[in-house]
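Visitor: I would like the atomic coordinates for the input below:
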Amino acid sequence: MKVVAVGYSCMDVYDNLDKSYPTGNGVDFAINIKKQGIPAAVVSAVGNDSYGVQMAERLKISGIDTTHLRVDKGSTAQIHMQLIDNDRVHGNSIDGVMANYYLTDDDFDFIKQHDYIHTDYFGRIYGLLAQFRQAGCKIAFDFSTFLEDKDFELIIPNVDYALFSYPQRDSWIEDKMKWACDQGVQIVVATFGEFGSLAYDGKQFYSGSIIKVENIVNTVGAGDSFFAGFMAGVIKGFPIKSCLQEGAKLSAEIIQKFEPY
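Guide: Okay, the predicted model is just below:
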């Protein structure tokens, strides 16, 4: 089984700490699922600058297929951050070469060779999801907190595994998860931060708990690593409760590090 993450890649730059690292939902997901023994690739673009070199090197060190990490003339996307009480605060962003990112025909053919595709709103490929599914790919889509986005209802019917981020379990999120499965999603997962997680498979709900840690360093990548752990469990054929636990374990590991993998 092979996984490809398609979409926005960038550098998180902490100006006040003089630190930076390569990231993006797909980048974090790919590196973390590769750590679980699942072959992974990233399809995205970086600039021909030092940040682009840093991104490519990080992915290669992590064993990620970078044959379709395109290097375009310009700057690699950046998000300038601050770390306050171990939680990230987003500042100015620079889209750089991602501003006009598109898939080439070669990218399209490459993606279709994979069993699972991970993407999100910023991947800008959700108009192609139906074609990828027709090719036999399963779609894992990270909706994050954008559960009332204008395109939400258009995307859902072309998703197999959905990740929602929400403050807590209540009737609203349960109804949203039920509705998503009614549209054809196989499993919907909602994460609630310190309040754990919830999965729904069209028949029943499954609750997941967090794994408490002593020292939270940085919460960046908590959701991406959770989804990577969960999907690794799915690919390995684990029961849903075990998949939630796999996600919690990986997320707990990541928030004890500065980098999100």
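Visitor: What segments of this structure are strands?
Guide: 3-6, 10-14, 19-23, 40-47, 69-72, 78-84, 87-94, 116-120, 138-144, 161-165, 187-191, 197-200, 205-208 (DSSP state E).
Visitor: got those as a markdown table, with mean neighbour count, mean pLDDT and distance to residue 56 columns?
Guide: Just so you know, the C-beta spots here come from the backbone N, C-alpha and C atoms, and that holds for glycine as well. As requested, the strands of the chain are arranged in a markdown table below (neighbours: other C-beta atoms under 10 Å; pLDDT from 0 to 100; distance: least, C-beta to C-beta, whole Å):
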| stretch | mean neighbour count | mean pLDDT | distance to residue 56 |
| --- | --- | --- | --- |
| strand 3-6 | 28 | 98 | 15 |
| strand 10-14 | 22 | 96 | 12 |
| strand 19-23 | 21 | 95 | 9 |
| strand 40-47 | 26 | 98 | 7 |
| strand 69-72 | 18 | 98 | 6 |
| strand 78-84 | 17 | 87 | 16 |
| strand 87-94 | 13 | 80 | 18 |
| strand 116-120 | 26 | 98 | 19 |
| strand 138-144 | 22 | 98 | 23 |
| strand 161-165 | 24 | 98 | 26 |
| strand 187-191 | 25 | 98 | 30 |
| strand 197-200 | 22 | 98 | 33 |
| strand 205-208 | 16 | 98 | 35 |
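Visitor: I'd like to know which of these is closest to residue 261.
Guide: Checking the strands of the chain against residue 261 by C-beta to C-beta gives strand 19-23 as the closest, at 8.5 Å.
Visitor: what's the closest of the strands of the chain to residue 227?
Guide: When the strands of the chain are compared by C-beta to C-beta, strand 161-165 sits nearest residue 227, at 4.9 Å.
Visitor: low-confidence ranges in the chain?
Guide: Low-confidence segments of the chain, defined by pLDDT under 70: 86-88.
Visitor: same thing but at 90, please
Guide: Low-confidence regions of the chain, defined by pLDDT under 90, span residues 15-17, 81-91, 123-124, 218-220.
Visitor: quick one, helices of it?
Guide: Across the chain, reading from the start of the chain, the helices by DSSP state H fall at 25-34, 50-61, 105-111, 129-134, 152-155, 171-182, 222-235, 240-254.
Visitor: before we move on, the earlier item: present the strands of the chain as TSV; the columns should include distance to residue 176.
Guide: Compiled in TSV, those are given as follows (distance: least, C-beta to C-beta, whole Å):
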stretch	distance to residue 176
strand 3-6	24
strand 10-14	28
strand 19-23	27
strand 40-47	29
strand 69-72	34
strand 78-84	28
strand 87-94	25
strand 116-120	17
strand 138-144	10
strand 161-165	7
strand 187-191	8
strand 197-200	10
strand 205-208	12
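Visitor: Many thanks, have a good one.
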